[in-house]
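Asks: Below are the sequence and a predicted model; questions follow.
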Amino acid sequence: MLEWIDDALVLGARPHGESGAVAELFARAHGRVAGYVHGGASRRMQPVLQQGNLVRATWKARTGDQLGHYAPVELVEPHAAVLMSDAGALAALASAVALVRAGTADRQAYPALYDALMLLVPALTEREIAPALYTRFEIGLLAAVGYGLDLTRCAVTGAAEGLAFVSPKTGRAASAAAGEPYADKLLRLPPFLTDSDAPIESGDVADAFALAGWFLERRVFDRQGVGMPDARRRLIETWGREGRL
């Protein structure tokens, strides 16, 4: 018998059978793992298994290749209920979850990505900081799945200051001086992605989405033969309508 107990974020749940559900959780030490929940479709369990909630779960299976089951699943933080009234926050949660579900390997631990989600989800209702946190999460997801960008210094001069561009071919940063002659062929690097104290100007979040999206699409989803999750497009549209890009 295999068994583990861990805190986990609910990625989603679907009905299974008359009263059960198959829940997909994202645990720090165990990654993305599905399991059957007895009574998961009941009135008592449905609020617990809402996307974005933090739960304490015990997973059990006879062998490693089985679906396994979760029992018990206990609510720790009801994030879903808190986000429910904020369309932008819900769109960001759906996008983050979609990227995790599509971009990570099943049953592989991604502790840094889990920690990033734990910071992101409770902050999604904070209008001023949520877009910056979300786009940093996407950059972190690239690193977590093995396609991290090098945003520490200029690939041409070695300088760590004044970084303004990223090569779409190498994922390495370039300073404003080194990159300006080739600006039309490079991706813009918003200052807030390398300096947490930098102010966020109009257009910076859109540039961060464009930067992360370029590499997510080409290095992650194209290689898997799938497209970018629609939830990400809906998030960009929602925040665009709200004037948050």
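Replies: In hand now; what should we look at?
Asks: Mind jotting down where the strands sit in the protein?
Replies: 2-16, 20-27, 31-37, 54-61, 69-77, 163-166, 173-175, 187-188 (DSSP state E).
Asks: and of these, who's closest to residue 235?
Replies: strand 2-16 (16.2 Å; CB to CB). (Glycine included, C-beta is placed from N, CA and C.)
Asks: Now do the residue of the chain most remote from its centre against residue 156, distance only.
Replies: Most distant residue from the mean C-alpha position of the chain: residue 181, 33.7 Å away (CA atoms, centre = their mean). Going from residue 181 to residue 156 by CB to CB, to the nearest Å gives 11 Å.
Asks: and what of residue 117?
Replies: Where residue 156 is concerned, residue 117 sits at a distance of 35 Å (CB to CB).
Asks: Which of those two has more residues huddled nearby?
Replies: Set residue 117 next to residue 156 and count neighbours by other CB atoms under 10 Å: residue 117 wins out with 24 against 14.
Asks: what sits against that one?
Replies: 9, 26, 96, 100, 137 (CB atoms under 8 Å, 6 or more residues apart in numbering).
Asks: can I get those residues in a markdown table with neighbour count and distance to residue 161?
Replies: Putting the contacts of residue 117 into a markdown table (neighbours: other CB atoms under 10 Å; distance: CB to CB, whole Å) gives the following:
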| residue | neighbour count | distance to residue 161 |
| --- | --- | --- |
| 9 | 26 | 36 |
| 26 | 22 | 36 |
| 96 | 28 | 31 |
| 100 | 25 | 33 |
| 137 | 22 | 25 |
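Asks: Enumerate the beta-bridge partners assigned to residue 21.
Replies: Legend: beta-bridge partners of residue 21 under DSSP bridges are residue 15, residue 37.
Asks: thinking again about what came up before, got the contacts of residue 117 as JSON lines, with distance to residue 187 and pLDDT columns?
Replies: What follows is the contacts of residue 117, written out as JSON lines (distance: CB to CB, whole Å; pLDDT from 0 to 100):
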{"residue": "9", "distance to residue 187": "30", "pLDDT": "98"}
{"residue": "26", "distance to residue 187": "29", "pLDDT": "98"}
{"residue": "96", "distance to residue 187": "21", "pLDDT": "98"}
{"residue": "100", "distance to residue 187": "23", "pLDDT": "97"}
{"residue": "137", "distance to residue 187": "18", "pLDDT": "98"}
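Asks: And the chain, what are its domain boundaries?
Replies: What automatic domain parsing lists as the domains of the chain is 2-82, 85-151+189-241.
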